[in-house]
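Undergrad: okay, sequence plus prediction incoming.
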Amino acid sequence: CRWRLCDRTCLCRIVADFPFHLKLLTRFSTKFLEKIMRKLTTALLAALVVNGALAAPLPEVTVYKDANCGCCTEWAKHMKAAGFSVRQIDVEDMDSERRRLGIPPQLASCHTAKVGNYLIEGHVPANAVKKVLAEKPAIRGLAIPGMPARAPGMGPHVPGTLKVYTLPNAGGSSRLYSVE
């Protein structure tokens, strides 16, 4: 032996027997991998079927906005890019529209939207809208007051910089819903 360690665990013996072990390992591995691949393929197909069956289509977004507001149109494009269908309605007097919809003045922004059973005030990111649609909290909707610079439609959205508030039910108070 080159290393003068000739016994059963000698490296020379392991190397000399390598072709046999490789053949055995390959045969075992092929059968094992085929079995694992079948299971993974079945699980993946089942997950895709369940996900497709459970995934409800996103509701239409109806945006009430001033005809001359470019950031509202950009927010609508953001919502379309997130998979929503969007209908834009130009309104002459947004203050009256907000009062009609019951948006508190302190939560007001430049546009108001209806999505499913919720109102969305301002430049709320699509992820927050999807979250509220999935969780179905007992609120009237979501709001980002004013026109923050890093919100969708106002420029590049910087995640983690926007505070999204709830639109409370009658008699309730607004609270922080998420930071997007």
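TA: Structure received.

Undergrad: now do the contacts for Ile130.
TA: Quick fix: residue 130 reads Lys, not Ile. By Cβ atoms under 8 Å, 6 or more residues apart in numbering, Lys130 lies in contact with Leu58, Ala82. C-beta: built from backbone N, CA, C; applies to glycine.

Undergrad: my guess is it is in a helix, correct?
TA: Yes. Applying DSSP: H, G, I helix; E, B strand; the rest coil, one finds Lys130 inside a helix.

Undergrad: measure it to Val124 for me?
TA: 11 Å (Cβ to Cβ, to the nearest Å).

Undergrad: between the two ends of stretch 129-143, how far is it?
TA: End-to-end span of stretch 129-143 (Cα to Cα, to the nearest Å): 10 Å.

Undergrad: please save the CA atoms from the helix or strand hosting Ser178 in PDB.
TA: In this structure, Ser178 is located in strand 176-179 according to DSSP states H and E. Only the C-alpha atoms of strand 176-179 are listed here, as PDB (Å, rounded to 0.1, in the frame of the first residue of the first chain):
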ATOM      1  CA  LEU A 176     -52.400  51.500  10.800                       C
ATOM      2  CA  TYR A 177     -53.100  48.500   8.600                       C
ATOM      3  CA  SER A 178     -49.700  47.900   7.000                       C
ATOM      4  CA  VAL A 179     -46.400  49.400   6.000                       C
END
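
Undergrad: quickly run through the sheet partners of that strand, with directions.
TA: Here strand 176-179 is paired, per DSSP bridges, with strand 163-167 (antiparallel).

Undergrad: which outside residues touch the partner strand?
TA: Outside of strand 163-167, the residues within contact range by Cβ under 8 Å, 6+ apart are 103-104, 107, 118-119, 121, 124-125, 128, 137, 139-145, 174-180.

Undergrad: and Ala138, how many neighbours?
TA: Neighbours of Ala138 under the rule other Cβ atoms under 10 Å: 8.

Undergrad: wasn't Leu142 part of a strand?
TA: Yes. Leu142 forms part of a strand when assessed by three-state DSSP.

Undergrad: who's in contact with it?
TA: Taking Cβ under 8 Å, 6+ apart, we find Leu142 in contact with 118-121, 124, 128-129, 132, 164-167, 177.

Undergrad: export those to CSV and tack on neighbour count and distance to Glu60?
TA: Converted to CSV, the contacts of Leu142 look like this (neighbours: other Cβ atoms under 10 Å; distance: Cβ to Cβ, whole Å):
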residue, neighbour count, distance to Glu60
Tyr118, 20, 12
Leu119, 21, 14
Ile120, 28, 12
Glu121, 24, 17
Val124, 30, 16
Ala128, 19, 18
Val129, 25, 12
Val132, 23, 15
Val164, 23, 21
Tyr165, 23, 23
Thr166, 22, 22
Leu167, 22, 19
Tyr177, 22, 22
